[in-house]
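A.B. asks: Build me a structure from this.
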Amino acid sequence: MRRSLLFSMLVTVAVALAAPGAARANGRFPQSIDVHFKPGDDQVMALQVTFGLIVTTDGGAHWRWVCEEAVGFGGVYDPDYAFTSSGLLLATTTSADGLRLTRDFCNWSQAPAPLGNTFASQVEVGSDDTIFVAAAGGDDAQIYVSDDDGATIAPRSSPGVAGDWWESLTVAPSTSGATTRLYLTGFRLVSGLKQRMMFRSDDAATTWVPLPITDFAFGGEGADLQIAAVSPTDPDLVYARVFQANGMGIGDDIYRSVDAGQTWTRVFQSGDNVTAVVIRQSGQVVLATQQSGVHVSTDGVTFGTPVATTPAAYCMQEHGGVLYLCSNGFLPDEMALGTGATAGTWTPILAYKDIQDAVSCAEGTAEHDVCAVQRWCPTVCQIGFDDPDCVCVTPTIDAGPGCPAGQVLTDAGSCVAEPPKDSCCNVGGGPGGAALLAVLVALPLTRRRRRRATARDRR
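C.D. replies: Numbering: from 1, shown residues only. Presented below is the predicted three-dimensional model:
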């Protein structure tokens, strides 16, 4: 995501004034980003949010928090996460730790050499638990692979050159083993101009075939090309997203290919941010947007009027035949995460106020020493969890531009009920800089780039 220099400076100042111990949700309005599932185990889910991770290990009966410092990143950055069936969770970071791994949400370690601290923009897990990692943005643009659940990770191929940036890496769910199909998109800067690229691998990232991109319309340098979805049953059926298709601002185009990326047809245009393309097991295709509704197609080509225009959709996935929607975790929706058998009919399963605690970990881990001890109560006060052990003072915050009193403006551009903000958040704590945070929340923020990692803006 691209943000103004002024915004970045304000975030930096806000964090400095709030320290020590005050969580700032990256200086952004608390918002859900994506949901991740442990393959084969419906009890384990991780909801990615702008203030870390919210995880459950009992099917949603209890939700607990992992802060950014435990994972190994900070600032305005959204990692790429992926689970293996053993419960290993992988996360890209902006720090010198590179790819990070955990099995218990407490102990996070660096990926083994030779990947080590190499920066990765994308991580994906195949249906057979093979891990694929795309190094990007520096001296290394290789694709790394692990066939042993992260015990070893080694480079397998080099579809690009040093300095290339990988926007998306997607595994075709119906393929596995030596014939795993992957799609890869990115760009290379040539004389300061963006040269977009798309590749396909039919042999588990051993070799790559360049795919033509002449069917795509790019309105300017701001536009990016990303794989949006691959059919769960047909590896040749794939959708791509042109982010900011007009090259300047909000407005995404969706393209469809039925021949493994050789040719593309534009099937959807929007003046909104298309946050998800879901190809359901039934063959139905669902497009989610932040503000203009959820669109459904039975043929994958024709999308009529939206089946629902509220609530806002920040992410959507199908899991076990059920749709999961990321939306507004505060009033009036109170649906940080919801489910539905059909698009447009949602049942909330998590509101931010329902988060019980930080994940319980041993002393000496960042999750205990930073998240639980330093960050938990400030975050309770800032976002509005229900914990009587945390003492909060709620100051008055002016409405965001264009919002009625008592409401603030979100990243998505909508007005929602004002969450509590801390001016004195922890027992015995000092002033937390809430007044400056109020200014940040009121700013009209730029929209999310996509559901995946956006660290190239921090290079």
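
A.B. asks: who's in contact with residue 44?
C.D. replies: By C-beta atoms under 8 Å, 6 or more residues apart in numbering, the residues touching residue 44 are 37, 38, 55, 56, 57, 83, 87. C-betas here are computed from N, CA, C, even on glycine.

A.B. asks: List the contacts of the closest residue to residue 49 other than its chain neighbours.
C.D. replies: Nearest residue to residue 49, sequence neighbours excluded (C-beta to C-beta, 6 or more residues apart in numbering): residue 32, at 5.4 Å. The contact partners of residue 32, by C-beta under 8 Å, 6+ apart, come to 47, 48, 49, 314, 315, 326, 327, 329, 336, 337.

A.B. asks: got these as JSON lines, with secondary structure columns?
C.D. replies: Formatted as JSON lines, these follow (DSSP: H, G, I helix; E, B strand; the rest coil):
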{"residue": "47", "secondary structure": "strand"}
{"residue": "48", "secondary structure": "strand"}
{"residue": "49", "secondary structure": "strand"}
{"residue": "314", "secondary structure": "coil"}
{"residue": "315", "secondary structure": "strand"}
{"residue": "326", "secondary structure": "strand"}
{"residue": "327", "secondary structure": "coil"}
{"residue": "329", "secondary structure": "coil"}
{"residue": "336", "secondary structure": "coil"}
{"residue": "337", "secondary structure": "strand"}
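
A.B. asks: What is the nearest of these to residue 211?
C.D. replies: Residue 211 lies nearest to residue 315 out of the contacts of residue 32, by C-beta to C-beta, at 25.9 Å.

A.B. asks: where's residue 357 relative to residue 55, distance?
C.D. replies: Residue 357 sits 11 Å away from residue 55, going by C-beta to C-beta, to the nearest Å.

A.B. asks: ugh, typo on my part, it should be residue 165
C.D. replies: The gap separating residue 165 from residue 55 is 29 Å, by C-beta to C-beta.

A.B. asks: and which of the contacts of residue 32 is nearest to residue 148?
C.D. replies: residue 48 (25.8 Å).

A.B. asks: circling back to that earlier point, have a look at residue 357 and residue 55 and say which one is more surrounded.
C.D. replies: Taking other C-beta atoms under 10 Å, residue 357 and residue 55 do not tie; residue 55 has more neighbours (20 against 16).

A.B. asks: Check what contacts the helix or strand harbouring that one and list those residues.
C.D. replies: In this structure, residue 55 sits in strand 52-56 according to DSSP states H and E. By C-beta under 8 Å, 6+ apart, the residues outside strand 52-56 that reach it are 43-47, 62-68, 70-71, 81, 105, 336, 350, 355, 359, 371.

A.B. asks: try 6 Å this time
C.D. replies: With contact meaning C-beta atoms under 6 Å, 6 or more residues apart in numbering, strand 52-56 is reached by 45, 46, 47, 63, 64, 65, 66, 67, 68, 105, 355.
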